[in-house]
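>>> Show me the folded form of this:
(one chain, ligands or ions: 1)
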Amino acid sequence: MIYDFAPMEGITNYAYREAHRECFPGIDRYYSPFIAANQTYSMKTREKEDTAPEHNSGVVLVPQILTNNADVFLWSLRQMSQRGWTTVNLNLGCPSATVFTHGKGAGFLADPSRLDAFFEQVFEGLAAWPNSDTENPVIPPAVTVKTRIGIEDASEAPALLAVFNRYPIAELIVHPRLRKDFYKGEPDFDTYQLFYEEYRGPLTYNGDICSPADLRSILARFPDTARVMIGRGLITNPALVRILQGGPALTAEELMHFHDEVYTRQKAAMGSFQNTVGKMKELWYYMGSLFPSPDSARLLKAVKKARTETAYLEAARELCKQI
Ligand SMILES: Cc1cc2nc3c(=O)[nH]c(=O)nc-3n(C[C@H](O)[C@H](O)[C@H](O)COP(=O)(O)O)c2cc1C
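Prediction:
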């Protein structure tokens, strides 16, 4: 089984990814949160830093691009291949209103014929990949796609699947929810079945894997599953992949060490305590559910309310011990 760490905007930046790789080896590929490539053919400093090879040592990174413009996507592929990344992912899943109303992310799924024209231009562009330096040619990256199954209704899925089946997409990652579901409700396994049976290329399952039982039930229904992508389950329990592979549970010492690694790296990346603690609190929103006892709830509150670095670190370390 290949285990991929899902992109999580606001959480899985390079500081988090490097700390995770060091503390919990076993992830095959880490995806960057989406890079909102736009018509100005430029990237934000944060996006450049996040995908810089020197910030991703030892990490197999798949940068993710959010766009509905084929020229911009082709430009992004070149940027990423110059950084040495061999696979680039297209985001067709982001449900947020600002992204959606611009026809990007899940918004791009509204118009399968436009999506078809986009892929046609992208794969034509890749076939004619410009290589001015013949001595050191830049190899075009493989293009993968991460998608939802539609916007309002699962009946949209077959037309989308038909588009994906027409192009040499290196891997299709399906999160079987509609845009209108955001991250709520149950994944739609009946519609996923359609992709499982009829998608012609490599397929990856993504959604709601938080325990060995969750993975077992996916494998019971879809036994040929060879790749899974995990987001919230891994953010909540950073040892989840080891546990899925039959390894031991997360210990307090490991969690404390991981927390401190993430904190130190985030602080180096973010500068101020305020920005760092803001990032850490987003992480605690998920990791908090590792601690269901009332005593832990009190400590979690202290973590979230901490106003100084000392208070924050004391509360966070005390909380880690409760696992
Ligand atoms: C806070 C948050 C940020 C996310 N950011 C991204 C993103 O940048 N790109 C993307 O493709 N998906 C993003 N996702 C979706 C996840 O990658 C994943 O598809 C989703 O959470 C379902 O998988 P899971 O149940 O394993 O978490 C985000 C989800 C959450 C909750």
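
>>> Flag the shaky bits of this structure, pLDDT-wise.
133 (pLDDT under 70).

>>> Now it against the ligand: closest residue?
In the chain, the residue found nearest to the ligand is residue 231; the distance is 2.9 Å by C-beta to the nearest ligand atom. For the C-beta atoms, the positions are set from N, CA and C on the backbone; glycine is no exception.

>>> any idea how far the residue nearest to that residue when sequence neighbours are not counted lies from residue 271?
Excluding its sequence neighbours, the residue lying closest to residue 231 (C-beta to C-beta, 6 or more residues apart in numbering) is residue 6, at 3.3 Å. According to C-beta to C-beta, to the nearest Å, residue 6 stands 27 Å off from residue 271.

>>> ok, those two, which is more surrounded?
Legend: neighbour count by other C-beta atoms under 10 Å for residue 6 and residue 271, higher for residue 6 (25 against 10).

>>> What residues does the protein have near the ligand?
6-10, 33-34, 64, 91, 93-94, 146, 175, 183, 206-209, 230-233 (C-beta under 6 Å from any ligand atom).

>>> Select only the buried ones of these in PyMOL?
Of the residues of the chain next to the ligand, the buried ones go into a single PyMOL selection, burial set by 16 or more other C-beta atoms under 10 Å:
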select buried, resi 6+7+8+9+33+34+64+91+93+94+146+175+206+207+208+209+230+231+232+233
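
>>> Among the residues of the chain next to the ligand, name the ones in strands.
Counting by DSSP state E, the residues of the chain next to the ligand place 64, 91, 146, 206, 230 in strands.

>>> The third one contacts residue 169, doesn't it?
The reference is to residue 146. No - in terms of C-beta atoms under 8 Å, residue 146 does not count as a neighbour of residue 169; the distance is 10.6 Å.

>>> Where do the helices of the stretch 151-300 of the chain begin and end?
157-165, 189-198, 212-221, 232-236, 240-244, 252-270, 273-287, 294-305 (DSSP state H, counting those that start in this stretch).

>>> Just put these in CSV and tack on distance to residue 317.
Shown next, in CSV, are these (distance: least, C-beta to C-beta, whole Å):
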stretch, distance to residue 317
helix 157-165, 47
helix 189-198, 41
helix 212-221, 28
helix 232-236, 19
helix 240-244, 22
helix 252-270, 6
helix 273-287, 12
helix 294-305, 10
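
>>> Identify the residues contacting residue 49.
14, 55, 269 (C-beta atoms under 8 Å, 6 or more residues apart in numbering).

>>> now do 6 Å
residue 55 (C-beta atoms under 6 Å, 6 or more residues apart in numbering).

>>> Helix, strand or coil: sort out it for me.
helix (DSSP: H, G, I helix; E, B strand; the rest coil).

>>> Quick one: neighbours of residue 127, just the number.
9.

>>> in which helix or strand would I find residue 115?
Using DSSP states H and E, the element containing residue 115 is helix 112-127.

>>> That helix vs helix 157-165, what angle?
10 degrees (axes from the mean of the first three to the mean of the last three C-alpha atoms, to 10 degrees).

>>> Give me the contacts around helix 112-127.
So helix 112-127 is contacted by 70, 73-74, 108, 140, 159-160, 163, 167 (C-beta under 6 Å, 6+ apart).

>>> Alright, that wraps it up for me.
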